[in-house]
Each structure stands twice: as C-alpha cells, then as structure tokens.
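Trainee: Pasting the sequence and the predicted coordinates here, then a few questions.
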Amino acid sequence: MKLMGIDYGDARIGIALSDPLCFLAQGWGNIKQSDNACREVAELVKAQGVDRVVVGLPKNMNNTEGASAEKARSFAEKLGTMIDAEIVFWDERLTTVAAHGYLSQLDVRGKKRKNLVDTVAATLILEGYMSFMKRTEEKE
C-alpha cells in the first residue's frame, strides 16, 4: 500500500509519500495554492499509485475544529471526487511547530525554510499515521 501525506495550507500544500511497504515517509515537495492545486494533487496521486491519502486536520488545542480544518475537509472532499484512493484525516496539531523545530536544528532559514516547512509537516503527518497503522496492526 502506498500512502500520501498532505499538509493543507493557504499558500502551499505540503506533500509526502511512503514507500510501498509503509516503512518510510519521504517529503515530496509542495504544490502552490491555485485554482488547479486540487487537480495537481489528484494527478500526483494517480501517477504515484497512491492507495490512501492522509490529510492533516488542523484541530485547535481544545480538540475543536476551526476555519483551517473546514478548508482541509473541503479540499479533501473535492479531491475525493477526482481520485479512487481512500482519504483519511489525521490530527496534525503542532506538526508545523515541530517542522519549524527540525528546520531550526538544521539551521535552515529564510526562503529555503519557507519552502520546506510544509513538506516537513506533511512528512510528520504521514509518519504519525504510519506509526498508528503499525500499532493497530500489532493488536489484531
């Protein structure tokens, strides 16, 4: 099974992909927000043979959903009409904060950091979901 992680944002959509055995998550890059962004993601899903898309759901710290979560759900709904892959949501609280932390440790600054943070966040979303998959499979 191949997975795709998505960090949906107002400016960019961060993308990460798993290997077919779901051992590793690797950042793929970003797609700039535009009227064609959803179509571009759908084309990538098909080209990469993705079976499941994991969309980060930006919940508030009190577990409620705000405007950002609504935008992510709307994007996922539109994407779902364009692809055959399953779409699931994953709580992405603090992934962008963690992504900034990793990039700070690597001393990545400025424009380069801005271009990488969404991809790193998508990778963290995908890694979290893959860890969940492994934990739940072991219990079955």
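Mentor: Alright, I've got the coordinates.
Trainee: so which helix or strand takes in Gly5?
Mentor: Assigned by DSSP states H and E, Gly5 belongs to strand 3-8.
Trainee: Equivalent analysis for Trp28, please.
Mentor: strand 25-32.
Trainee: and that strand, what's its mean pLDDT?
Mentor: For strand 25-32, the mean per-residue pLDDT is 94.
Trainee: Run me through the strand neighbours of that strand, direction for each.
Mentor: strand 12-18 (antiparallel) (DSSP bridges).
Trainee: Keeping just the C-alphas, turn the partner strand into PDB.
Mentor: What follows is strand 12-18 as a C-alpha-only set of coordinates in PDB (Å, rounded to 0.1, in the frame of the first residue of the first chain):
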ATOM      1  CA  ARG A  12       1.100  25.800  -0.200                       C
ATOM      2  CA  ILE A  13       0.100  22.100   0.000                       C
ATOM      3  CA  GLY A  14       2.900  20.000   1.500                       C
ATOM      4  CA  ILE A  15       3.200  16.500   0.100                       C
ATOM      5  CA  ALA A  16       4.900  13.400   1.500                       C
ATOM      6  CA  LEU A  17       4.900   9.800   0.100                       C
ATOM      7  CA  SER A  18       5.500   6.500   1.700                       C
END
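Trainee: got the angle for that strand vs strand 3-8?
Mentor: 160 degrees (axes from the mean of the first three to the mean of the last three C-alpha atoms, to 10 degrees).
Trainee: Give me the distance between strand 12-18 and the centre of its chain.
Mentor: 5 Å (C-alpha atoms, centre = their mean, to the nearest Å).
Trainee: Not counting its own residues, what contacts it?
Mentor: Identification of contacts with strand 12-18 by C-beta atoms under 8 Å, 6 or more residues apart in numbering yields 1-7, 24-33, 37, 41, 44, 48, 50, 75, 117-123, 125-126, 130. Using the backbone N, CA and C atoms, a C-beta is placed for each residue, glycine as well.
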